[in-house]
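>>> The following comprises the amino acid sequence and a computationally predicted model.
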Amino acid sequence: MLAHIHSSHDTIPLEFAIQLPIIDTLIGYMFFHPYDQGGTTQTAALKLLKRVDDGDESYYIVVIPYPAQFSLVVEHVSGGVSFRQCARILADTKRILGTTHDAMKDS
């Protein structure tokens, strides 16, 4: 597993363009409790996205710097693992393998 996480394939970030209503409605409003609107957690989550206004078209760009981790998260969540459980599984995996982001940058 360690060889796959440190492979050169994982060093090419993924970039997604996402339509405004998807982020504004699903992430901005539906994902957060009304009491959390404009709060620290929502603000931090939305900072991960960069809004692009390109003439007639507006969208958000999100960059996934670690595609292997992203793929693991997608597989775990699609298999029924909760987001909280997935975060724990990923943190445990990184701790056991010694593959923190800082360690990955140094290799």
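Received it, and whenever you're ready, just let me know what you need. The structure displayed is predicted, hence computed values, not measured ones.
>>> burial count for T99?
When neighbours are defined as other C-beta atoms under 10 Å, T99 has 19 of them. Heads up, the C-betas are built off the backbone N, CA and C, glycines and all.
>>> in the chain, which residue is closest to the centre?
I64 (6.1 Å; C-alpha atoms, centre = their mean).
>>> That residue reaches T11, doesn't it?
No: counting by C-beta atoms under 8 Å, I64 sits too far from T11 to count as a contact (11.9 Å).
>>> dump the residue contacts of the residue nearest to the centre of the chain.
P13, L14, E15, F16, F70 (C-beta atoms under 8 Å, 6 or more residues apart in numbering).
>>> Apply 6 Å and report the result again.
I64 makes contacts with P13, L14, F70, as judged by C-beta atoms under 6 Å, 6 or more residues apart in numbering.
>>> got the buried residues for the lengthiest helix in the chain?
As assigned by DSSP state H, the longest helix anywhere in the chain is helix 83-97. Applying a neighbour-count criterion of 16 or more other C-beta atoms under 10 Å, one finds C86, K94 buried in helix 83-97.
>>> Could you do stretch 16-24 as well?
Neighbour-count burial for stretch 16-24 [16+ other C-beta under 10 Å]: I23.
>>> on that earlier part again, give me the phi and psi angles of the residue nearest to the residue nearest to the centre of the chain when sequence neighbours are not counted.
In space, and not counting its chain neighbours, I64 is closest to L14: 4.1 Å by C-beta to C-beta, 6 or more residues apart in numbering. When quoted as degrees, to the nearest 10, the phi and psi of L14 stand at phi -90, psi 150.
>>> what's around L14, how many residues?
Counted with other C-beta under 10 Å, L14 comes out at 12.
>>> Okay, and V73 sits in which element?
helix 67-78 (DSSP states H and E).
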